[in-house]
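A.B. asks: Quick one: sequence plus predicted model below, questions after.
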Amino acid sequence: MKTTALITGAASGIGKEFSRIHASKGGNIVAVDMNAEGLKSLKSELEKEHGIEVYIIVKNLTQLSAPKEIYDEVKNQGIEVNYLINNAGFGGVGAFHERDWDIDLAMIQVNVLALTALTRQFLPDFIARDSGKILNVSSTVSLIPGPFQAVYFATKAFVTSFNRSIHGELSDTNVSSTAVLPGATKTAFGDHSGMNKTAIYKKPASAAEVALQGYNAMEKGEVEVIAGLNFNQRLELKLVPFLSAKSLINRIKKESAVN
């Protein structure tokens, strides 16, 4: 059966790779992004290469009304969404008290509120049908403190915690919620946020690799998957629980400094 995936942040980076993967499997896509030209390019590429349908929704997820508007438009078009991929998000570097509050507030809106609201909009339909899959894009930074990226790290900590809880609530259904926790990934995200100038962003993984690991975990209904880390990075992550809070904070503080 042909499935339809709604993917936020679909015009570039990991979201674009999710779109390519789903299209390669013969699935239709509802592509959501604020980049209208990027969406048109994606639609042209995927419909030509895979013979599937891409429905475009140009929407700015910093707007509180956006999730409900997206849901209403999908319903009005008679589109049944089978997969919800909450990929859209952005970050930023700098001391919390010095950063532009409006930018951090927008970050919370996109990374936390929009993701949560979209899940709340579509999940009742999934449960009523007793089928559907949710994929939430979190980050490995959700597992550690984030000096100089306090709001970004905190938003991703919310996503990981939220996903684990929702996954538990759905355990007796045929609906699943999965989180993908990438490490540093080579996309425009790093350039826009300034994170590409930090030590944390050394040896980034490819967006295609991260997307494939996340998509496969979603299809299996796993709770979460850590994606795109090499052996040394995975080893460092495993050591986190054994470090004191102070030593971990100091270590991350050094790695988060802009070079």
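C.D. replies: Done, it's in. Residues are numbered from 1 along each chain as shown.
A.B. asks: When you work out contacts or count neighbours from here on, use the C-alpha atoms and nothing else.
C.D. replies: Fine.
A.B. asks: so where's this structure shaky on pLDDT?
C.D. replies: Within the chain, the ranges that satisfy pLDDT under 70 run 187-203, 231, 242, 257-259.
A.B. asks: any idea which helix or strand carries F153?
C.D. replies: helix 150-169 (DSSP states H and E).
A.B. asks: What helices and strands are in contact with that helix?
C.D. replies: helix 101-108, strand 132-137, strand 175-182 (3 or more C-alpha pairs under 8 Å, 6 or more residues apart in numbering; DSSP states H and E).
A.B. asks: Adding mean neighbour count and distance to V54, write the ones you listed out as JSON lines.
C.D. replies: Shown next, in JSON lines, are those (neighbours: other C-alpha atoms under 10 Å; distance: least, C-alpha to C-alpha, whole Å):
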{"stretch": "helix 101-108", "mean neighbour count": "16", "distance to V54": "27"}
{"stretch": "strand 132-137", "mean neighbour count": "25", "distance to V54": "19"}
{"stretch": "strand 175-182", "mean neighbour count": "28", "distance to V54": "23"}
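A.B. asks: Ok, which of those comes nearest T3?
C.D. replies: Set against T3 and scored by C-alpha to C-alpha, the helices and strands packed on helix 150-169 come closest in strand 132-137, at 9.5 Å.
A.B. asks: Only C-alpha atoms, please: export that closest one in CSV.
C.D. replies: These are the backbone C-alpha positions of strand 132-137, laid out as CSV (Å, rounded to 0.1, in the frame of the first residue of the first chain):
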residue,chain,number,x,y,z
GLY,A,132,0.9,5.3,11.6
LYS,A,133,4.5,6.2,12.4
ILE,A,134,6.0,9.3,13.9
LEU,A,135,9.7,10.2,13.6
ASN,A,136,11.0,13.1,15.7
VAL,A,137,14.4,14.5,14.9
